[in-house]
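> Just a sequence and a predicted model for now, questions to come.
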Amino acid sequence: MSSPTVDNKSLLDTILNTVPDPMISVDEKGIIHGLNKAASQLVNLKESELIGKSSHTFFHPSSSTPDDCQICQASFNSDQTFNLELNVPQLERWFKVSLSTISIDHNSQRRIEVMRDITDMKKLEDQYHQLMVLKDSIVHNLPMMLFVKEANDLRFVEWNKTAEDMTGMLKHEMIGKSDSEFWPEDEAKYFRNKDREVLKGKLIEDIPNETLSTKIGTYTLHTKKIPIYNSNGEPRFLLGISEDISNKLKTEEALRQSQKMDAMGNLSGGIAHDYNNMLGIILGYSNILIESLSDDKEALEYAKEIRHAGERGAKLTKKLLAFSRKKTTDMTTVDISQLISNEQHMLEKTLTVRIQLLMDLQKDLWPVWLDSNDFENALINLAVNAMHAMDGEGQLTIKTNNYCIPDDVTIPGLQAGDYVVLTISDTGCGMKSEISTRMFEPFFSTKGEKGTGLGLSQVYGFVKRSAGNILVDSKLNKGTTLKMYFPRFYLGNDNQYVASDITTEKNEGKETILVVDDEPALTKLLKIILDKAGYRVICADSADAGMETLKNEHTNVVITDVLMPGKDGYQFSANIKENYPDIKIQLVSGYSDNNNWEMVDKELSDNIIGKPIDANILLTKVRELID
C-alpha cells in the first residue's frame, strides 16, 4: 500500500504552521503577503485580517530606529541573513528577528521575518543590568577600600574609588596587575602570602593591622579577605575590604595618653598637697628659727640654708600644680601672634646665634582665652627643648594661623569648629615613637640629671587648661613639629611662695582664731605664728570637729584647709556662713580637686592663700578680715 501524497504547498503550509516562532512575509513596502499560525495568534487576528496590511501596524515598533530601518531595507538587496532585536510596545514584547530575502520572480522579492520571543531574556538582562549598576554604585561609593583579585595569579580585577583616593592609583592602572608592581617588596610578599592562606583555607581572614605604603602616604588597615568560589567549589576570586584605621588608632592613643596624663595630674596634685604641707612646716619653723637665732650667726646661716632648700621645694611644687590644676584665674582674651612678637627678643637670646628663628605669624588671628604668663612660659620651654635637640646650627620655625576643623575631619581630642593653631618646628634630632608618646609625662626626661622632666608637662597642662590640645609629629633625625590648637574665643591666682622673715608689726591682735587642718604639725605651726601675734588660737583636725568647736567658742576668724577628709573647706565654709554669718573665713590650699566646685564661694576662692603659707601673708590677711 502506498502513502497518501501531499502537494508541496500543503506540506509547506503544514511545516510553517507547526513552527512555534511567528513568521511573516512582506514586500519592500512592508505589506504583509503571508504569515504562519503563530504570527496570527500573536496578534489575535485571522490571516485574512492581516494580509495586505502594513507589518508596522502589528509586528514592528511604531517608531523604528534609523539603524533598524536601514537593516530592513538592506535585507532586500542581499542574500545574507540579518538579525536585529526589536521592542514592540504595542505587543509589550521583545523579539529577536531574523531577516532573509527570497525572489518570487525577476521583478519582485519577499522578506521573510522569523520572530523569536526574547522578552523573558530581556527582563533577565535588565535585572542583571540593574544589579550591576547597583553593585557598581555600592563598590564605587563604599567608604572603605575594596579590591578583587583573580584566585590563580592574584591579579586585580576590581579597584574602587576609595582605593583610588587612598593610594593615588587609578582603576585602569591596577586592573591586570599584581601587588609586586606597586608596593614595597616586603609588603607585596606579605599580601601574597595572606591571600594564598585565605584561598587555601577557605575562610574569611580578619587582619587587624596591615601596613600599606603608597605614593600618597602610609596607612594602617583593618582588612577582611574573603574567597569567592565557582560552581565546582574552587576559588575563583579573592575579595578584600580594607578600612583605614590610622586616625582611629591615633585617636585611641591620644585618649589613652589623655587618660594617663589626667591620672598623672591627679597623682602629682595629690603629691603636691602633701608636699606643700611638709614644706609649710619646714619653711615656717625655719623662719621661727631665723627670728630666734639672730645672735648666733652660724646657726642663723644653717636656718637660712634650710629655708632656701624649702623655697626651692616650693618652686618645684608650683610646677607640679601648674601641671595638675584644672583652671586658672589669670585667663584673658589674647592675640597669640602679638604675644609671640613681644617675646621674639627673649626667644632669640634663649636660642643663641647658632639657631635661626623664623616667624610666620598671621596678622588677623582670632582671639583666644588663656593665661598669657603660662603661654609665655610654655613658649620658652618649647624653645629651650628645641635648642637642646639641635646640635650645631639649626632652625626653629614658629607659625600661627586660623583653622576651621570641618565636621568630616577628625583631629584627636578636638571637636569641629574654629581654632588658632600654633606650630613650632625644629630641625633637631627628632624622637623615637616610644619617646614622643611619653614626652609630656611629669618627671620623664631624656636629659638625665640635667632635667626635672616638668617643663613639657607644664606645657601640656597649660594647653589642656586652655581647652586645647597638643599634637606631636617627630621623626628620628628629621626634627619635631608640635601643633597646639586653641579654641577661638567668642564675645576667669597663684601666689608664688617667697619666704620672708616674720614681722608681726601692724598684724597683732587679741581676737580668737579657729585653725582647721588635718595635718597636726601644720596646725601646730600656724598656732605658734598666730600666738606670737597675740591671737587666741583653737585647733581642729576636721570640718565636723570645727563645727563642734564653733558651738562652744566665740570665734572671729576661721582658717581652714580646702582639701580634707570628709567635708572639704568649701563645704565647711558654706556651713559656717549658714550658721555663723558674722565669722570671717580664710581658705588655704596647696591643691584642690574641685569635687565640690558648685559650692565654691568666688570671694573666698579669689582670696585663697596658697601653701606653703607665708607667715606675713597669713597675718596680713587675718588682720584685713578682722578690720
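Sure thing, it's come through. Quantities reported herein were computed from a predicted structural model and do not represent experimental measurements.
> got the domain boundaries for this protein?
With automatic domain parsing as the criterion, the domains of the chain are listed as 8-117, 142-244, 250-318, 332-487, 512-626.
> so how far is the second one from its chain's centroid?
Relative to the chain's own centre, domain 142-244 is displaced by 26 Å; criterion: Cα atoms, centre = their mean, to the nearest Å.
> got it, and the first one?
Once both centres are worked out by Cα atoms, centre = their mean, domain 8-117 turns out to sit 69 Å from its chain's centre.
> Check the fourth one too.
Chain-centre distance of domain 332-487: 20 Å, with Cα atoms, centre = their mean.
> how close does Ser108 get to Thr397?
Counting by Cβ to Cβ, to the nearest Å, the gap from Ser108 to Thr397 is 93 Å. Backbone N, C-alpha and C define where each C-beta goes, glycine included.
> ok, back up a step: and the domains of the chain, which one is worst for confidence?
Within the domains of the chain, the least confident segment by mean pLDDT turns out to be domain 250-318, at a mean of 74.
> Tell me how many other residues crowd the residue nearest to His140 when sequence neighbours are not counted.
Distances taken as Cβ to Cβ, 6 or more residues apart in numbering put Lys161 closest to His140, at 4.9 Å, once the chain neighbours are dropped. Using other Cβ atoms under 10 Å, the number of residues around Lys161 comes to 16.
> Distance check, Lys161 against Glu210.
Using Cβ to Cβ, Lys161 is found at 20 Å from Glu210.
> didn't Gln27 look like it was pressed against Ser108?
That one is not Gln; residue 27 is Asp. Yes. If you go by Cβ atoms under 8 Å, Asp27 and Ser108 touch, sitting 7.0 Å apart.
> With neighbour numbers in mind, choose between those two.
For Asp27 versus Ser108, the count of surrounding residues by other Cβ under 10 Å is larger for Asp27: 15 against 10.
> Just tell me which of the domains of the chain ends up closest to Met132.
When those are compared by Cβ to Cβ, domain 142-244 sits nearest Met132, at 12.3 Å.
> Between its first and last residues, how far does that closest one reach?
Domain 142-244 stretches 12 Å from its first residue to its last (Cα to Cα, to the nearest Å).
> now stretch 533-551
End-to-end distance for stretch 533-551: 25 Å, by Cα to Cα.
> What are the buried residues along that stretch?
Within stretch 533-551, the residues that count as buried by 16 or more other Cβ atoms under 10 Å are 533, 535-544, 546-547, 549-550.
> Residues contacting it, please?
Where contact means Cβ atoms under 8 Å, 6 or more residues apart in numbering, the residues beyond stretch 533-551 that reach it are 504, 507-518, 520, 523-524, 526-527, 530-531, 553, 555, 558, 560, 564-569, 571-572, 575-576, 579-580, 583, 619, 622.
> Return the subset of the residues you listed lying in helices.
In this view, those that belong to helices under DSSP state H are 520, 523-524, 526-527, 530-531, 569, 571-572, 575-576, 579, 619, 622.
> and which of the residues you listed is nearest Ile51?
Within the ones in helices among the contacts of stretch 533-551, proximity to Ile51 (Cβ to Cβ) peaks at Gln571, which comes in at 109.5 Å.
> Val26: neighbour count?
Residue neighbour count, defined by other Cβ under 10 Å, stands at 23 for Val26.
> That one contacts Arg111, doesn't it?
Yes. Val26 sits in contact with Arg111 when judged by Cβ under 8 Å, with a separation of 5.3 Å.
> Quick check: neighbours shared by the two?
Overlap between the neighbourhoods of Val26 and Arg111 is empty, taking contacts as Cβ under 8 Å, 6+ apart.
> circling back to that earlier point, got a quick PyMOL command for the buried subset of the ones in helices among the contacts of stretch 533-551?
With 16+ other Cβ under 10 Å as the burial test, the buried ones among those are selected in PyMOL as follows:
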select buried, resi 523+526+527+530+569+571+572+575+576+619+622
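> Of the ones in helices among the contacts of stretch 533-551, which pair is most distant in space?
Farthest-apart pair in the ones in helices among the contacts of stretch 533-551 is Asp531 and Gln571; separation 28.1 Å (Cβ to Cβ).
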